[in-house]
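Asks: Turn this into a model:
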Amino acid sequence: MGLAVALVLLDWAIDERNRNKRTVDVVAAQVLADTIRRYEDLGEDSIRITASTLSVLGRVEQTDEPHTLLSLAVGIDDQPVEMARRYLPFLRRMEQEMRVHLQGQPVRFELVLRKNSDPDYPKIAGGRVDFQRVGALPYVLSRKAGAVFGLVAREDQGKNGVIFVSKDVYDRGITNLDCLAGRSFAFGESNSTVSTMAKVELARAGITRARLGQVKEFDSYDPEQVARFRAASQKAGKPSHLPLVRSHRLALESVLEGKFEAGVARRQYFQNAKSRGLVEIHTFDIPPDVYVAREDLDSILARAFGQSLLALRDKQLLSDLPLQPINQFLPAMDSDYNALRGLLDRELRAFEGQLPSTKD
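Replies: Below is the predicted model:
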């Protein structure tokens, strides 16, 4: 059953006031199955979860009230359905808050899940989404590339990264960054903020790419992965839908399997795998993510979105989001990220061998 047919059935169930829970659950399952199928389709770099689908998830009856439809894009960090469920209360609150700031004008949100860390950040300039949560690194790189968009707000806390080794490697004396010279290393995506900050930390310790052993960067859909998966799918006679790929989790698995001696990941992923035989040898902070608006969005809507973010103080609501723990949103200025720009010009270039090592 396609998404359009499923939504027609959903509208019928609601309009006829059919409150049979099982009927609505069946329709919801069909809607969400199509959501997952489209996510796994290699041809789509993102998936748009419509306001109607979000209503299914939240069991909210849709109304015919005229409204402004807006979209928020975030990076995929879990299965699409679970991410949508966790964002739903936040989006509902934002709709309520924005209505206040817009003097009663109703808005509804769609949720757009980005499949990978496309270096063409953010695709707001092309008008595909209205608002987007953007990592610190892609924000800086997109500004450098000339992308134009409105800076709305930032989170009050950044993520935390962990450089780790397996227990066996640790027991052999690899206990800090200085020991990593000549050792193999697994990064996540090459253009992710976590991987980039790990390279900065390594450069500060005098460890450059050239001084490491084998290096692997697990990009979401690198050519080797795509070729292997398509070949396996063709042999099995199945459609070549790519599975969900979490690059930093692949780095974790590669160290656990003994394919690499060290790696880096977000702390939340490391904590989940730590008991399987991993040891932290270094931790570091990552600048907070920002929220931006497309260039030609009505300034009244952009301002109302920012005001609504800044007004959120519900710690339970914020803790339920699939993000690093945050307490609130803060006003953002481009100058907040000048320190990161400096790291890219110095430490990152040193890691790549474009400058002398930064270690004294």
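Asks: what does the domain assignment say about the protein?
Replies: Domain assignment of the chain by automatic domain parsing yields the ranges 41-158+288-337, 160-286.
Asks: closest to residue 355 out of these?
Replies: Among these, the nearest to residue 355 by C-beta to C-beta is domain 160-286 (8.8 Å). Bear in mind the C-beta positions are built from the backbone N, C-alpha and C, glycine included.
Asks: So residue 316 belongs to a helix, correct?
Replies: Yes: assigned with DSSP: H, G, I helix; E, B strand; the rest coil, residue 316 falls within a helix.
Asks: how many neighbours does it have?
Replies: The tally of other residues near residue 316 (other C-beta atoms under 10 Å) stands at 7.
Asks: please renumber so the chain begins at 450
Replies: I'll keep to 450 as the first residue from here, and by that count the last item is residue 765.
Asks: What is the burial count for residue 514?
Replies: The number of residues near residue 514, taken as other C-beta under 10 Å, comes to 7.
Asks: residues contacting it?
Replies: residue 555 (C-beta atoms under 8 Å, 6 or more residues apart in numbering).
Asks: ok, so what distance separates it from residue 557?
Replies: Look at residue 514 and residue 557: by C-beta to C-beta, to the nearest Å, they are 9 Å apart.
Asks: what are the ranges of the helices in the stretch 700-809 of the chain?
Replies: For the stretch 700-809 of the chain, helices defined by DSSP state H, counting those that start in this stretch occupy the ranges 716-722, 748-760, 764-768, 787-792, 798-800.
Asks: And the stretch 500-649 of the chain, by the same measure?
Replies: Counting by DSSP H, counting those that start in this stretch, residue ranges of the helices within the stretch 500-649 of the chain are 500-507, 529-550, 585-593, 616-620, 642-653.
Asks: and those, which is most packed in?
Replies: Among the helices of the stretch 500-649 of the chain, judged by mean count of other C-beta atoms under 10 Å, the one packed with the most neighbours on average is helix 642-653 (a mean of 24).
Asks: Over to residue 553: give its phi and psi.
Replies: Residue 553 has phi and psi values of phi 90, psi -10 when expressed as degrees, to the nearest 10.
Asks: give me every residue that touches residue 654.
Replies: Shown in contact with residue 654 (C-beta under 8 Å, 6+ apart): 625, 626, 627, 629, 808.
Asks: By neighbours, which of those residues wins?
Replies: Most neighbours among the contacts of residue 654, by other C-beta under 10 Å: residue 629, with 24 neighbours.
Asks: Pull the contacting residues for that one.
Replies: 623, 651, 654, 656, 661, 710, 711.
Asks: Spit out the contact partners of the closest residue to the fifth one other than its chain neighbours.
Replies: Once flanking residues are discounted, residue 661 sits nearest to residue 634: 5.0 Å by C-beta to C-beta, 6 or more residues apart in numbering. Neighbour list for residue 634: 661, 662, 663, 664, 665, 709, 710, 711, 712, 713 [criterion: C-beta under 8 Å, 6+ apart].
Asks: and those residues, which are buried?
Replies: Among these, those buried by neighbour count (16 or more other C-beta atoms under 10 Å) are 661, 665, 709, 710, 711, 712, 713.
Asks: In TSV, list those along with pLDDT and distance to residue 639.
Replies: As requested, the buried ones among the contacts of residue 634 are arranged in TSV below (pLDDT from 0 to 100; distance: C-beta to C-beta, whole Å):
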residue	pLDDT	distance to residue 639
661	96	14
665	92	10
709	96	15
710	97	19
711	97	17
712	97	14
713	96	12
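Asks: May I see these arranged in a markdown table, with distance to residue 728 as well?
Replies: Conversion of those to a markdown table gives the following (distance: C-beta to C-beta, whole Å):
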| residue | distance to residue 728 |
| --- | --- |
| 661 | 18 |
| 665 | 20 |
| 709 | 14 |
| 710 | 12 |
| 711 | 10 |
| 712 | 11 |
| 713 | 13 |
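Asks: any weak-confidence spans in the chain?
Replies: Regions of the chain meeting the criterion pLDDT under 70 cover residues 450-494, 506-513, 526-528, 564-576, 669-696, 772-773, 805-809.
Asks: who's in contact with the residue most central in space within it?
Replies: What sits nearest the mean C-alpha location of the chain, by C-alpha atoms, centre = their mean, is residue 524, with 2.8 Å. Under the criterion of C-beta under 8 Å, 6+ apart, the neighbours of residue 524 are 562, 563, 566, 582, 584.
Asks: Out of these, which sit inside strands?
Replies: The strands in this structure, assigned by DSSP state E, contain 562, 563, 582 from the contacts of residue 524.
Asks: Redo those as JSON lines? Include distance to residue 541 and neighbour count.
Replies: As requested, the ones in strands among the contacts of residue 524 are exported to JSON lines (distance: C-beta to C-beta, whole Å; neighbours: other C-beta atoms under 10 Å):
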{"residue": "562", "distance to residue 541": "18", "neighbour count": "21"}
{"residue": "563", "distance to residue 541": "21", "neighbour count": "22"}
{"residue": "582", "distance to residue 541": "17", "neighbour count": "19"}
